[in-house]
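Trainee: Below are the sequence and a predicted model for it; my questions follow.
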Amino acid sequence: MKLKNRIDYKHRRHCRLRQKIRGSAVRPRMSVCVTNRHIYIQFIDDETGNTMASFSTASLQQENKLNVATASEIGRKAAEAAINKGIKQVVLDRGGLAYAGRVKAIAEAARKIGMKL
C-alpha cells in the first residue's frame with residue numbers, strides 16, 4: 001500500500017488504534033475529532049453502537065479559536081456532561097492524532113474533572 005499524503009498516514013494510524021480500542025457500557029470510548037472548524041467529543045458504547053454523550057464547539061453559540069485553551073474548555077465540559085450521565089471511566093480514542101497539543105489538553109481537562117482515562 002503506497003501512502004501518498006499525511007491524510008493517508010492519519011487514516012492508517014487511526015485504523016491501527018481502533019484495532020486495540022473497544023468501548024463498552026462500563027467503559028465507553030471517548031472519541032476525539034479535531035477539524036479545521038470544530039472539536040467534537042463523543043462517548044460511544046461500541047457493543048451496542050450508541051453514543052452515550054457528546055459535546056462540541058459547534059454547540060457553543062460563540063466564535064471559537066481552536067487553540068489549546070479552547071480544547072481544555074471543551075474537554076472539561078464534555079467530561080461534565082459524561083459524569084452527569086454516569087460515565088466515570090473511558091478509553092481515549094484520539095482518532096489518529098498525536099497525543100499532544102489540543103488532544104492532550106482535552107485529556108488532561110477530563111482527568112481534572114475526575115474522569116479516569
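Mentor: Okay, I see it. Owing to the predicted nature of the structure, the values given are computational and were not obtained by experimental measurement. Numbering: from 1, shown residues only.
Trainee: Helix, strand, or coil at the spatially most central residue of the chain?
Mentor: Using Cα atoms, centre = their mean, the residue of the chain that lies closest to the mean C-alpha position is residue 32, 2.1 Å off. Following DSSP: H, G, I helix; E, B strand; the rest coil, we place residue 32 in the strand state.
Trainee: Report the helix or strand with the lowest average pLDDT across this structure.
Mentor: For the chain, the helix or strand with the lowest mean confidence is helix 6-20, at a mean of 77 (criterion: mean pLDDT, DSSP states H and E).
Trainee: How far does that helix sit from its chain's centre?
Mentor: 15 Å (Cα atoms, centre = their mean, to the nearest Å).
Trainee: The residue nearest to the centre of the chain touches residue 92, doesn't it?
Mentor: Yes: at 7.2 Å, residue 32 and residue 92 qualify as touching, with contact defined as Cβ atoms under 8 Å. C-beta here means a position set from N, CA and C on the backbone, and glycine is covered the same way.
Trainee: ok, how many other residues are close to residue 96?
Mentor: The number of residues packed around residue 96, counting by other Cβ atoms under 10 Å, is 18.
Trainee: If you could redo that for residue 8, that was the one I meant.
Mentor: Count around residue 8 with other Cβ under 10 Å applied: 12.
Trainee: State the distance from it to residue 74.
Mentor: Per Cβ to Cβ, to the nearest Å, residue 8 is found 27 Å from residue 74.
Trainee: again, but for residue 67
Mentor: To residue 74, residue 67 is 11 Å away according to Cβ to Cβ.
Trainee: And the two? Which one has more around it.
Mentor: A side-by-side neighbour count of residue 67 and residue 74, using other Cβ under 10 Å, places residue 74 first with 28 against 11.
Trainee: Please name the residues that touch the more buried one.
Mentor: Shown in contact with residue 74 (Cβ atoms under 8 Å, 6 or more residues apart in numbering): 39, 41, 55-57, 106, 109.
Trainee: again, but for residue 22
Mentor: 29, 46, 91.
Trainee: For it, give me the backbone phi and psi.
Mentor: For residue 22, the backbone dihedrals (degrees, to the nearest 10) come out as phi -140, psi 140.
Trainee: Then the one 4 residues further on?
Mentor: As for residue 26, its main-chain torsions (degrees, to the nearest 10) stand at phi -80, psi -40.
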